[in-house]
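Participant: This is the structure alone, sequence omitted:
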């Protein structure tokens, strides 16, 4: 009571901390992350748990938090890192540092990373990482494709992870124990993908057997869990052979596994892409775009394990947006019209309707996507889009 002005800031901080804790309880990080990322429930839970430990004071404050994200391209690794930064700092420009490690493949590129020593070219400029860490020492730092970095760069990163500080080319030490470091890598991605697919197949087989036996506990979900045995027997040796340093792997708090998308997640990805283009069609051309479940099934078939969500994006552009652009150019789209995407099966007997379409295919025909203009009386007219457009080749 004798020092009222000094006692106000701690009280204010305490009240703020209480408000933040209440907000975290009410709206957990897992829920926030799942709003932006399709699938990857296991990865989200692992990351959110580690951040919760940090936020609530249950962590080793002498060392920064270090993650290694493993999995194929286009599967959500970079997006999850960005969402963590957005959650921690609100402002991505200040709270997120991205380093493309393919730029640090040569020994001499270490200087680019932390800055050149005195007397060398570029000494005054400072290093790409040290310059940004100096400005934002508690940022979320993404080391993208860390497997491409030169071993000497990994040595610097080990010092960073181990001591929570970094010495730049000018000899100045930057303290960054409060930072979060996330490395991504495609190493072992094929092994992880194949193992996950095998687990899903086994789970589906088990569900089918239980259904046949009329058992109640049939698993309806597609999520699978990578076993500890697989991590230790398969993934660990691959990482060890690549990084060649036990102490480097030993400083990683969490190795996070990103799995291929399952059929229901692929449909979500297709829906997301189609909604993106439907919004553009409405905003730019006042055109309403509609589709149904068979369209989602057909486009989900364009999924490629190696390219992830990007393969779905390209499939939608190739089979849907190309047709829209050509139809627009050929003035086949009346202003304010409603367009419907539908699946047709083409065979020797000509085009068939879309009745009875299944996920396995459409009879003996080759499924294709058609654009139809829907009239006010709900009648549909297929657009006759002239070649050279060939959306299915």
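Facilitator: Yes, it's here. Keep in mind the model is a prediction, meaning the values are calculated, not measured.
Participant: List the contacts of residue 105.
Facilitator: 148-150 (CB atoms under 8 Å, 6 or more residues apart in numbering). Just so you know, the C-beta spots here come from the backbone N, C-alpha and C atoms, and that holds for glycine as well.
Participant: Next one: it, what pLDDT does it get?
Facilitator: For residue 105, the pLDDT comes out at 94.
Participant: Got phi/psi on it?
Facilitator: Dihedral pair for residue 105: phi -90, psi -20, per degrees, to the nearest 10.
Participant: picking up where we left off before, would a markdown table of the contacts of residue 105 with neighbour count and distance to residue 114 be doable?
Facilitator: Below are these laid out as a markdown table (neighbours: other CB atoms under 10 Å; distance: CB to CB, whole Å):
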| residue | neighbour count | distance to residue 114 |
| --- | --- | --- |
| 148 | 17 | 18 |
| 149 | 25 | 13 |
| 150 | 17 | 13 |
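Participant: With distance to residue 339 and pLDDT added, can I get these in TSV?
Facilitator: Formatted as TSV, the contacts of residue 105 follow (distance: CB to CB, whole Å; pLDDT from 0 to 100):
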residue	distance to residue 339	pLDDT
148	44	95
149	48	94
150	52	94
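Participant: Nearest to the spatial middle of the chain, which residue is it?
Facilitator: residue 76 (1.1 Å; CA atoms, centre = their mean).
Participant: Quick check: residue 256 is in a helix.
Facilitator: No. With DSSP: H, G, I helix; E, B strand; the rest coil as the criterion, residue 256 is strand rather than part of a helix.
Participant: OK, contacts around it?
Facilitator: When contacts are counted by CB under 8 Å, 6+ apart, residue 256 touches 43, 46-47, 67-70.
Participant: coming back round to it: just the ones in helices from the contacts of residue 105, please.
Facilitator: Nothing among the contacts of residue 105 maps onto helices, per DSSP state H.
Participant: Hmm, residue 143 is touching residue 149, no?
Facilitator: Yes. Taking contacts as CB atoms under 8 Å, residue 143 lies within contact range of residue 149: 7.5 Å.
Participant: what residues are shared contacts of these two?
Facilitator: 101, 157.
Participant: What about residue 93, how many residues nearby?
Facilitator: Residues lying near residue 93 (other CB atoms under 10 Å) number 7.
Participant: For it, which three-state class applies?
Facilitator: Quick answer, by three-state DSSP: residue 93 is helix.
Participant: And for the one 5 residues further on?
Facilitator: Under the three-state scheme (three-state DSSP), residue 98 adopts strand.
Participant: Report pLDDT for it.
Facilitator: 96.
Participant: So in terms of bridging, what pairs with it?
Facilitator: Beta bridges link residue 98 to residue 142, judged by DSSP bridges.
Participant: right, and it touches residue 140 too?
Facilitator: No. If you go by CB under 8 Å, residue 98 and residue 140 don't touch, sitting 9.4 Å apart.
Participant: of those two, who's got more company?
Facilitator: Regarding residue 98 and residue 140, a neighbour count based on other CB under 10 Å identifies residue 140 as having more, with 26 against 16.
Participant: OK, contacts around the closest residue to that one other than its chain neighbours?
Facilitator: Spatial nearest neighbour of residue 140, chain neighbours left out: residue 85 (3.8 Å); criterion: CB to CB, 6 or more residues apart in numbering. Residues in contact with residue 85, defined by CB under 8 Å, 6+ apart, are 92, 95-96, 139-140.
Participant: Let's see that with 6 Å instead.
Facilitator: Residues in contact with residue 85 (CB atoms under 6 Å, 6 or more residues apart in numbering) are 92, 95-96, 140.
Participant: Which helix or strand contains it?
Facilitator: Taking DSSP states H and E as the definition, one finds residue 85 inside helix 77-89.
Participant: Give me the distance from that helix to the chain's centre.
Facilitator: 10 Å (CA atoms, centre = their mean, to the nearest Å).
Participant: before we move on, back to that, so which of the contacts of residue 105 belong to strands?
Facilitator: Nothing among the contacts of residue 105 maps onto strands, per DSSP state E.
Participant: Take those residues and write them to TSV, including distance to residue 303.
Facilitator: Shown next, in TSV, are the contacts of residue 105 (distance: CB to CB, whole Å):
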residue	distance to residue 303
148	26
149	30
150	34
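Participant: tell me which of those is nearest to residue 104?
Facilitator: residue 149 (4.9 Å; CB to CB).
Participant: Run through the residues that contact the closest one.
Facilitator: When contacts are taken as CB under 6 Å, 6+ apart, residue 149 is in contact with 101, 104.
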